[in-house]
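In: here's my sequence, what's the structure:
(one chain, ligands or ions: 1)
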Amino acid sequence: MGEVLVLVDHVDGQVRKPALELLTLARRIGEPSAVVLGAGDAAAAIAAKAAEYGAAKVYTADGAEFADYLVVPKVDALTQIARAADPAAILVTSSGEGKEIAARTALRLESGIITDAVDVVAGESGPVAVQSVFAASFQVSSRVSRGVPVITVKPNAVGPEPAPAAGAVESVSVEFSAGAAGTRVVARTPRVSSGRPELTEAAIVVSGGRGVGAAEGFGVVEELADALGAAVGASRAAVDAGWYPHTNQVGQTGKQVSPQLYIANGISGAIQHRAGMQTSKTIVAVNKDPEAPIFDLVDFGVVGDLFQVLPQLTAEIKAR
Ligand code: FAD
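Out: Below you'll find the model as predicted:
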């Protein structure tokens, strides 16, 4: 089995959950190697976590340039590692930054890129990426036909599972000199945290639409989300009405989410909303209209007023 490079996404010294999912997925198609860039003092702890999830080798590169510049130093380092390792594939999280790093790396390696995969499986001629397209109406299987495949994978494509038996880990410290980067970071402003999981990474998303009726209506949605440890999403109608921030919009012109459980409340199920959530593993809808199109795609549907259903559901979950 060939080596599979996994770019390990980390923040504040912690490995992000999608990176653990990538390591889990990489074990199915080859032998995972973690690439840990710009982690500073946290590099050893991040490497240990990657090993727990099956990394047999951990490449680390460090330097001030990772914090001072946007993606270019990461592309430089990943390309350098890939050229030396000649891996069977490179897996990167399908985030905004991940996709930019992946695209630039594929270009440097003169290979090909497949973005937003929902699965990656071993094929006779190399890894095959599965994408969900046209608002999840079709699944497309494709592979890169030249060079090292660079594949970005959506969060929640697989559940993160520690390796059954973690073996010895080889550590490779990469001597690295960044090329010229055109953009310098001048300030970082942390977003005000809601204390809830990041929308695109959350295992559970509870969303509200026009049916919540007002900004205050999101209270019942948030209470259910907090009882479940979930992120809160919103339809564009709710966002356009000013009831919830655009950063929480799910859909074609919002975020793409693929959680284990998606609960749509007061959302009709327009194609543009479905485009952002249809690959969710289990979909539940609460809507007072039994003819609402959302009921065509749900696993479980509740016909009822969300202001009656959600508080009961929240109370039941809290009681358990
Ligand atoms: P509605 O369609 O008005 O549905 C509200 C639902 O709430 C109804 O089904 C109703 O029965 C139900 N309801 C009302 N009261 C209650 C209650 N008390 N209890 C239970 N149910 C109740 N939309 C997105 O969401 N995301 C996008 O990214 C997006 N991008 C778009 C891009 C383009 C180019 C265009 C043209 C549109 C886009 N839209 C997007 C808009 C999309 O077409 C729909 O207009 C939108 O999704 C509707 O939002 P909604 O379901 O909340 O509202």
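In: check which helix or strand covers the residue lying closest to Val206 once chain neighbours are set aside.
Out: For Val206, ignoring the flanking residues on the chain, the nearest one in space by CB to CB, 6 or more residues apart in numbering is Ala225 at 4.1 Å. Every C-beta, even on glycine, is put in place using the N, C-alpha and C of the backbone. In this assignment (DSSP states H and E), Ala225 forms part of helix 218-228.
In: where in the stretch 101-250 of the chain is pLDDT low?
Out: 135, 166, 178-181 (pLDDT under 70).
In: how about 80 then?
Out: Applying pLDDT under 80 to the stretch 101-250 of the chain flags residues 134-137, 166-167, 176-183, 190-193.
In: the lengthiest strand in the chain pairs with which strands?
Out: Taking DSSP state E as the criterion, the chain has its longest strand at strand 113-121. Strand 113-121 has its sheet partners listed here by DSSP bridges as strand 128-133 (antiparallel), strand 150-153 (parallel).
In: that older thread, does anything pack onto the helix holding Ala225? Which helices or strands?
Out: When contacts are defined as 3 or more CB pairs under 8 Å, 6 or more residues apart in numbering; DSSP states H and E, helix 218-228 packs onto strand 204-208, strand 231-234, strand 261-265, helix 306-319.
In: would you format the ones you listed as CSV with distance to Val172 and mean neighbour count included?
Out: What follows is the helices and strands packed on helix 218-228, written out as CSV (distance: least, CB to CB, whole Å; neighbours: other CB atoms under 10 Å):
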stretch, distance to Val172, mean neighbour count
strand 204-208, 37, 29
strand 231-234, 36, 28
strand 261-265, 39, 26
helix 306-319, 46, 16
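In: so which of these gets nearest the ligand?
Out: The ligand lies closest, by CB to the nearest ligand atom, to one member of the helices and strands packed on helix 218-228: helix 306-319, at 3.7 Å.
In: can you name every helix or strand that that closest one contacts?
Out: helix 218-228, strand 282-287.
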